[in-house]
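> Requesting a structural model of the entry that follows:
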Amino acid sequence: MSGQITAEKVFEQALEWFRSNYGNYDFFVERDAVWVIQQKLREIIAKNLLPFEVYNDFPIVKARRRSLTTDLAIMNKQNEVELAIEFKYEPDHQRGVGINKNIWPSKLSPSVVFWGKEGVKKDVEKARRYVDQKKAKLAISIFVDEGSLFRHREPHQNTRWVDWDCGGKNPRKISLLIGYFK
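Here you go, the predicted model:
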């Protein structure tokens, strides 16, 4: 990597790696996907001797009883949040049926996440607020819709659907709802 490498570029590199390797993992909950991306971010930062650190559940906004946290924060050496990332994850519902099921069916009924203001939309709005309140220089919201259960829905404001053909030992197609807030 050459030139000035931003937190956004580091994340995009990790996200491309995630797409290429998605089929090497069986994710069960949101934190599984977040952990894999966090590890890749740490690897890219270390390999390139970048002036960043990555934290999970970073307390980005102080609140009355406890801080509001972001799923991942890429921080610079001045302890500023260069990039805040909010995740949601919905496993493929086909993983709850048949002889190869690996998720208990009741865990998928009707779904793991909610689409509206109590779920995916809430994360989109949180990401936008982080930037509006100057808590982060950039924020990204990502909804990994593994089985494309929600793909037919109109994207939330300032987000877009991206369809992936993922690599790995068990390639699969997934949909991502992604929003960038600057």
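
> Next one: Met1, what pLDDT does it get?
At Met1, the model reports a pLDDT of 43.

> same check, this time on the one 5 residues further on
Per-residue pLDDT puts Thr6 at 96.

> Look up the closest residue to it, ignoring the ones flanking it.
Residue nearest to Thr6 in three dimensions, not counting chain neighbours: Glu82, with 7.3 Å by Cβ to Cβ, 6 or more residues apart in numbering. Just so you know, the C-beta spots here come from the backbone N, C-alpha and C atoms, and that holds for glycine as well.

> Tell me which helix or strand that neighbour sits in.
strand 81-90 (DSSP states H and E).

> From the chain's centroid, how far away is that strand?
Remark: strand 81-90 is offset 5 Å from the chain centroid, using Cα atoms, centre = their mean, to the nearest Å.

> Against which helices or strands is that strand packed?
Helices and strands touching strand 81-90, as assessed by 3 or more Cβ pairs under 8 Å, 6 or more residues apart in numbering; DSSP states H and E, comprise helix 7-21, helix 30-47, strand 52-61, strand 68-76, helix 120-132, strand 138-145.

> ok, 10 Å please
Judged by 3 or more Cβ pairs under 10 Å, 6 or more residues apart in numbering; DSSP states H and E, strand 81-90 is in contact with helix 7-21, helix 30-47, strand 52-61, strand 68-76, helix 120-132, strand 138-145, strand 172-181.

> neighbouring strands for that strand, and are they parallel or not?
strand 68-76 (antiparallel), strand 138-145 (parallel) (DSSP bridges).
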